[in-house]
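Engineer: need the 3D shape of this:
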Amino acid sequence: FLDDALGTNFIFSDLTENERTLLINAMQKQSNKQGDIVIQQGDVGDFFYIVEKGTIAFIADGNNVGNCSRGASFGELALLYDAPRAATCVAETDVELWKVDQMTFRHLLARQTKDQEASLQSLLSKVPLLKDMDRTLVSKFATILTTVKFSKNERIVNKGDVGDIFYIVNEGSVKVHDIGMGDSKFVDQILKEGDWFGERALMTGEPRAANVTAVTDCGCFAIDRETFEQTIGSLETILGHGSKKRFLKGVPLFANSSLREIEYDQLVTCLREEKYSRGATIPGSTNIIIVKEGRLRLQSDGQTKQGGDYYG
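Structural biologist: Numbering: from 1, shown residues only. As a prediction, the model looks like this:
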C-alpha cells in the first residue's frame, strides 16, 4: 500500500527501490478522530502524511478547498522548504495515517552526492531559459527537479491533454509537432539538450497545443506547476520571454527567415498584451496577432483561432 502511494506522488518518482524501502520502513502509524486537526495552517511543517483510511479535509483561510482519502498524501512541500503550511488539514472522518518526520524525509530525498548536485547545477546554468536566474534559485531549482526517461518514438505530451508538467531536455532529442489547436500553421521543432517544452499549457491553463515525441532515447527534467511556483516563483515571469521567442520561431514567416537570436529577442520586446471580452470585435490591424488564451473567429474567412494560434 505505502509503495503504491509513494509511487503516485511526483516528488518520489525518482527514488531508487532501496531509497523507497528505507522511507517506508521509517514511517510511523497515526490515528485521529473525526474533527482532529492534523496540520494547522501557518505552522512550520514537521511531518509528511499518507492516508490509509478515512478522509482529510483541506481548509485554507476558513474555506474548504478540497479533501483526500486512501492512498493520497499531503504535507511534503513544507517539509522540503521550511515553508509554513498552506492549509489546515482536518479529519473529516476517523482516519488512519502513515507519517515520516522532517529529518528522515530530507535525508532520503537528498541528492546522492555533492558531485551529482554540482553537475546538475552546471547543466542547468547552461539552459538559456535559466541563464539569467540567480544562482541561489538555480541551486533550489536543482533540488526539486525529477528525472524522467523516454524511449525512442515514445509520446511524451499529447495534444489536447491538460498540461501540468514542464520539461527540460537533459539528453537526446524530442520533436514538437502538429502544433496549434486552430487553423494556424506552424513548423515542427526539434528540441535538444537544454531546450524546454510544456510551459504554455502551465501558464495559461489551456490544453496542450502540440504533440511531443521522443526522436531518440532521451532523458528530461520535469516539474509540476504547483511545486515550481511555491518554490521558485511565477512561471510566466520566468518563462515568459523564452516561451514567446520559441513561439515566434515556429511561425513560418520567421522560421524560414535568417533572423538571429538577438533579433528574436528584440521582436519579443515588441509584443504587447491586449484583452477582449467575449463578443467584442477586435480591430483590424497590420500587426501579427497571437492568441494567448481563449478563442476567436475571423469574419473574413470563418477560420477559428485558439490559444497559441496567430493571424495577420
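Engineer: hey, where'd the helices end up in the protein?
Structural biologist: With DSSP state H as the criterion, the chain has helices at 2-7, 17-25, 76-81, 102-109, 114-125, 135-144, 199-204, 225-231, 235-250, 252-255, 261-270.
Engineer: quick one: closest of those to residue 170.
Structural biologist: helix 114-125 (7.0 Å; C-beta to C-beta). Where you see a C-beta, it was placed from the backbone N, CA and C, and this is true even at glycine.
Engineer: list the buried residues for stretch 89-101?
Structural biologist: Within stretch 89-101, the residues scored as buried using 16 or more other C-beta atoms under 10 Å are 89, 90, 91, 92, 95, 97, 98, 99, 100.
Engineer: middle-most residue in the chain, spatially?
Structural biologist: For the chain, the residue nearest the mean C-alpha position is residue 224 (2.8 Å; C-alpha atoms, centre = their mean).
Engineer: beta-bridge partners for that one, please?
Structural biologist: For residue 224, the beta-bridge partners are residue 165 (DSSP bridges).
Engineer: roughly how far does it sit from residue 148?
Structural biologist: Taking C-beta to C-beta, to the nearest Å as the measure, residue 224 falls 12 Å from residue 148.
Engineer: now residue 18
Structural biologist: 19 Å.
Engineer: same question, residue 231
Structural biologist: From residue 231 to residue 148 the distance is 19 Å (C-beta to C-beta).
Engineer: before we move on, what about residue 263?
Structural biologist: 34 Å.
Engineer: beta partners of residue 89?
Structural biologist: If you apply DSSP bridges, the partners that residue 89 bridges to are residue 39, residue 58.
Engineer: re the thing from before, go through the helices of the chain and pick out the most buried.
Structural biologist: helix 199-204 (a mean of 22; mean count of other C-beta atoms under 10 Å).
Engineer: what is the mean pLDDT for that helix?
Structural biologist: Rounded to a whole number, the mean pLDDT of helix 199-204 is 66.
Engineer: over to stretch 250-265?
Structural biologist: The model assigns stretch 250-265 a mean pLDDT of 76.
Engineer: quick check: end-to-end length of it?
Structural biologist: End-to-end distance of stretch 250-265 (C-alpha to C-alpha, to the nearest Å): 14 Å.
Engineer: so what pLDDT did residue 93 get?
Structural biologist: 94.
Engineer: sorry, that was for residue 44
Structural biologist: pLDDT for residue 44: 79.
Engineer: and if you look at residue 191?
Structural biologist: 91.
Engineer: in the sheet, who's paired with it?
Structural biologist: The partner residues for residue 191, given DSSP bridges, come to residue 174.
Engineer: got the contact list for residue 53?
Structural biologist: 70, 94, 95, 96 (C-beta atoms under 8 Å, 6 or more residues apart in numbering).
Engineer: from those, which is closest to residue 312?
Structural biologist: Nearest to residue 312 out of these is residue 70 (C-beta to C-beta; 52.6 Å).
Engineer: for the closest one, which non-adjacent residue is spatially closest?
Structural biologist: In space, and not counting its chain neighbours, residue 70 is closest to residue 51: 5.7 Å by C-beta to C-beta, 6 or more residues apart in numbering.
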